[in-house]
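>>> Generate a structure from the sequence data that follows.
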Amino acid sequence: MSDSSSPLKAALRDAAVTKEVVIEHAAVRSLPGVLQRCAPGRRWMLVADENTWDAVGASAQALLESQGVSCAPPLVFPAKPRLKPRVARSAAIAQQLSAQAATPIAVGSGVVSDLAKHAASLAGQPYVCLATAASMDGYAASGAALLDEDGFKRTLACPPPVAVLADLDVLRAAPARMTAWGYGDLAGKSVAGADWLLADALGVEPINPRPYALVQDHLGDWLGAPQRLAVHEPQALAGLLAGLLVSGFAMQAHGNSRPASGSDHQFSHLWEMENLQVGGEPAAHGACVGVGCVAMLAMYEWLIAQPAAAIAAAAAQAHDGQDEAALSREIEAAFGNEEFRAAARGEMNAKAALGSRRARLDQLVRAWPALRAQLKRQLIGARDMQQRLATVGGASHPEELGIGAARFAADHRRARLIRRRYTLLDLLDDLGWLDRAIAGQFAPGGFWTA
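Take a look at the predicted model:
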């Protein structure tokens, strides 16, 4: 880390669980000391896949053993087929931890990290994360995004790591696409912040100032140099990972993922739970978030361009309450899997309990001039974001994920159904404008056809 005033160090000072973060060249050399300070006297088990084991796991195991640190045999999963983030898998890892009386060290990125995190929680153990790529924001988060027994993706509450280490040499050697995934995941914070501004202004969910500021005050700097990431500049990688970790600390501080996850992530969760494949492998979270981010930035631009008088008229004409029959039909048509339908009904019922549509829209009309100005300051342009993502080699168009225009248009509405979190998609639905806004993105001259 840089100096004591850095956003990451400031966030770490407020963290309830995570005690140390080490991001530097040869950071793995610090592992024995970190383990002794953060969780002394334990027997450790490295959890990795074949790729991350080769990248740093084997050297970490050898170092610990040479230093006399008590170690169980490592748990190393095959690289192919790619490991999936399933609750059943984390439960199996927890059983092995208990059988070995071991505490896990997650050696990897998204899936390995989330599996080890949840397994540690189930086993009643702390854990340490040895990050191998600047690829996602979940390293320091209080929760693991896993597929339940029905295949529905949920964020399950569990403690974050007591320490995070990242070796800059390992980050540089990670596949370039993983850095692009991390940039996509961090880019989505722009939308997450806007969605929270919206929910706050409409009286749905007040902003928690400290977690909000942790992410939003520095987001422009973290996203500002994609060309440096494209050439694997070490300090740029350190900055990207710092932004991702700070996002995780913000989620720790707030108690859920609201500071870092909005409508952009809803696209990703939809595609991940439906097992979207790209090149024969599950679509990467950060790639999906990047495309979802661009989509929602374009939707925000559409809303901001609407005359205030039209917004007021739509608000006045909107019906209060929820058409239960229409919602039931929409959910039935949206998902072919009954378990997904049941989960969506539960999420939408929870969303219906957030309050009165009429009260939200009355508040929107009152707040819109100031809110519109805030959103314009908050948001990065959709075309600008596409270019940034392309610069780092990230996905910025649904076709790069194998998603055609008709499906992508439908997914704007379907994404709203799978999370109870209030976002721009819900506001547009409240106004009766969601279908109109979606159609505008795909009509001749619209964002996706221009």
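
>>> need the strands for this structure, in chain order.
For the chain, the strands defined by DSSP state E occupy 20-24, 44-49, 75-77, 103-108, 128-131, 144-147, 153-156, 163-167, 277-278, 281-282.

>>> and the angle from the fourth one to strand 163-167?
Here strand 103-108 runs at 40 degrees with respect to strand 163-167, directions being taken by axes from the mean of the first three to the mean of the last three CA atoms, to 10 degrees.

>>> Within its sheet, name the partner strands of strand 103-108 and how each one runs.
strand 44-49 (parallel), strand 128-131 (parallel) (DSSP bridges).

>>> next one: the first one
Looking at strand 20-24 with DSSP bridges, its paired strands and their directions are strand 163-167 (parallel).

>>> Just the CA trace of the partner strand, in PDB.
What follows is strand 163-167, C-alpha atoms only, in PDB (Å, rounded to 0.1, in the frame of the first residue of the first chain):
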ATOM      1  CA  ALA A 163      -6.100 -10.800   6.100                       C
ATOM      2  CA  VAL A 164      -5.700 -10.300   2.400                       C
ATOM      3  CA  LEU A 165      -2.400 -10.600   0.600                       C
ATOM      4  CA  ALA A 166      -1.700 -10.000  -3.100                       C
ATOM      5  CA  ASP A 167       1.600 -10.400  -4.800                       C
END
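
>>> do you know how far the residue nearest to V69 when sequence neighbours are not counted is from V17?
Nearest residue to V69, sequence neighbours excluded (CB to CB, 6 or more residues apart in numbering): P32, at 5.6 Å. Heads up, the C-betas are built off the backbone N, CA and C, glycines and all. Distance, P32 to V17, by CB to CB, to the nearest Å: 21 Å.

>>> do the same with N275
32 Å.

>>> try A353
Counting by CB to CB, the gap from A353 to V17 is 30 Å.

>>> is it true that P206 touches L197?
No. Between P206 and L197 there is no contact under CB atoms under 8 Å: 10.9 Å.

>>> the more surrounded of these two?
L197 (20 against 10; other CB atoms under 10 Å).

>>> residues in contact with that one?
207, 371, 374-375, 378 (CB atoms under 8 Å, 6 or more residues apart in numbering).

>>> biggest separation within these, which pair?
Spatial extent of the contacts of L197 (CB to CB) is set by the pair I207 and L375 at 13.5 Å.

>>> now stretch 42-56, how far from the centre of its chain.
With CA atoms, centre = their mean, to the nearest Å as the basis, stretch 42-56 stands 23 Å off its chain's centre.

>>> Tell me the buried residues in that stretch?
Of the residues in stretch 42-56, those with enough neighbours to count as buried (16 or more other CB atoms under 10 Å) are 42, 44-49, 51-53, 55-56.

>>> How many residues are close by D200?
Neighbour number of D200 under other CB under 10 Å is 18.

>>> OK, contacts around it?
Counted by CB under 8 Å, 6+ apart, D200 has contacts 206-207.

>>> ok, back up a step: among the contacts of L197, name the ones in helices.
371, 374-375, 378 (DSSP state H).

>>> would TSV of the residues you listed with neighbour count and distance to R13 be doable?
Shown next, in TSV, are those (neighbours: other CB atoms under 10 Å; distance: CB to CB, whole Å):
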residue	neighbour count	distance to R13
L371	19	32
Q374	17	28
L375	20	31
Q378	16	26
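
>>> Do a quick rundown of the helices in the stretch 151-300 of the chain.
168-173, 176-187, 189-201, 209-216, 219-222, 226-230, 234-254, 263-273, 285-304 (DSSP state H, counting those that start in this stretch).

>>> Since that was my last question, I'll sign off now.
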